[in-house]
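Participant: Predicted model follows, preceded by the sequence.
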Amino acid sequence: MIREEVKIISKEYLNKDVLKIRFEKPKEFQYKPGQFINIKFEQEGSFRMRAYSILNTPSEETLDICLKIIPNGLASESFKEAKENDKYTIIGPFGYFQLNENEKEHVFISTGTGVVPFINIIKEFVKKDYKMTLIAGYKKQENIICHEELKKIEQENKNFVYKPTITREEWGGLKGRVQKHLPENLSKKMFYICGLKEFVIETKESLLEKGVNEKYIKVERYN
């Protein structure tokens with residue numbers, strides 16, 4: 001684990017309310033796909049931490065995170081105003097939300113920015129001998145994150161299936177909540193769920209009711 005000040009290299013809006021921050025990566029920093037870092041913020045003379053999943057793979061030369069912009073949110077307001085070369089203290093890595101490499105089939109289920117750790121995992125393992133499906137739920141098409149990148153990965157890898165689904169408008173793809181698009185055969189698969197607390201609990205309970213053993217379910221909550 002490290003605790004170190006790092007500079008912002010760039011900022012990019014992935015959609016109207018999701019911001020990607022690219023930091024320089026410390027030379028000693030090593031992590032596993034699916035892990036997260038804590039970032040330190042100052043507020044009224046005291047310090048607070050916020051946790052962010054890492055977007056890019058360990059072999060890449062930068063350290064990227066995504067956050068949903070929340071009006072008057074501590075981190076949101078700080079990063080909205082931040083400029084290139086501004087410094088933030090990062091601590092980590094943390095977390096056990098990682099691929100179970102002993103299993104061959106993996107189903108990733110997310111809403112919103114919950115897709116971030118899955119993008120990292122998919123990019124790292126897609127060339128290896130695993131079958132992977134990503135079911136990513138969003139309210140509207142404009143909310144989708146890294147859509148073109150994930151479509152390209154799917155086109156180039158027969159072992160990866162990408163299933164974005166929209167709940168609040170018509171579009172040319174899948175519609176409805178992610179639970180509607182789970183595989184018909186749930187056996188011999190690892191399930192990973194990431195998103196807000198209520199979504200994670202509901203989706204896990206749905207899998208348990210369908211007969212999935214709890215040991216084949218991993219979860220990560222964002223609130």
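Facilitator: Thanks, I have the structure now.
Participant: Please make it C-alpha for all contacts and neighbour counts, starting now.
Facilitator: Will do.
Participant: So which residues of this protein form helices?
Facilitator: 74-81, 116-125, 147-156, 197-209 (DSSP state H).
Participant: Packed most tightly, which of the ones you listed would that be?
Facilitator: helix 116-125 (a mean of 22; mean count of other Cα atoms under 10 Å).
Participant: What is the longest strand of this structure by residue count?
Facilitator: Of all the elements of type strand in the chain, the one with the most residues (DSSP state E) is strand 2-15.
Participant: by how many degrees do that strand and helix 74-81 diverge?
Facilitator: Orientation check (axes from the mean of the first three to the mean of the last three Cα atoms, to 10 degrees): strand 2-15 against helix 74-81 gives 70 degrees.
Participant: got the contact list for strand 2-15?
Facilitator: 19-26, 28-29, 83-93, 142-146 (Cα atoms under 8 Å, 6 or more residues apart in numbering).
Participant: Kindly report the same for stretch 78-89.
Facilitator: Contacts for stretch 78-89 (Cα under 8 Å, 6+ apart): 3-11, 39-41.
Participant: Farthest pair within those residues?
Facilitator: 3 and 11 (21.9 Å; Cα to Cα).
Participant: ok, residue 20 touching residue 69?
Facilitator: No - using Cα atoms under 8 Å, residue 20 is not in contact with residue 69; the gap is 10.3 Å.
Participant: Mind listing the residues bridging to residue 175?
Facilitator: Following DSSP bridges, residue 175 is listed with bridge partners residue 166.
Participant: Endpoints of stretch 171-185, how far apart?
Facilitator: One end of stretch 171-185 to the other measures 27 Å (Cα to Cα, to the nearest Å).
Participant: next one: stretch 165-175
Facilitator: Start-to-end, stretch 165-175 (Cα to Cα) is 5 Å.
Participant: Now do it: everything it contacts.
Facilitator: 135-141, 163-164, 176-178.
Participant: and that stretch, which residues are buried?
Facilitator: 165-167, 174-175 (16 or more other Cα atoms under 10 Å).
Participant: Output those in a markdown table, with pLDDT appended to each entry.
Facilitator: Output for those, formatted as a markdown table (pLDDT from 0 to 100):
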| residue | pLDDT |
| --- | --- |
| 165 | 98 |
| 166 | 97 |
| 167 | 96 |
| 174 | 97 |
| 175 | 97 |
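Participant: quick one: which two of those are the most distant?
Facilitator: Greatest spatial distance among the buried residues of stretch 165-175 (Cα to Cα): 167 and 174, at 8.9 Å.
Participant: contacting residues around the spatially most central residue of the chain?
Facilitator: Per Cα atoms, centre = their mean, the C-alpha nearest to the average position across the chain is that of residue 116, at 1.8 Å. By Cα under 8 Å, 6+ apart, residue 116 lies in contact with 53-55, 66.
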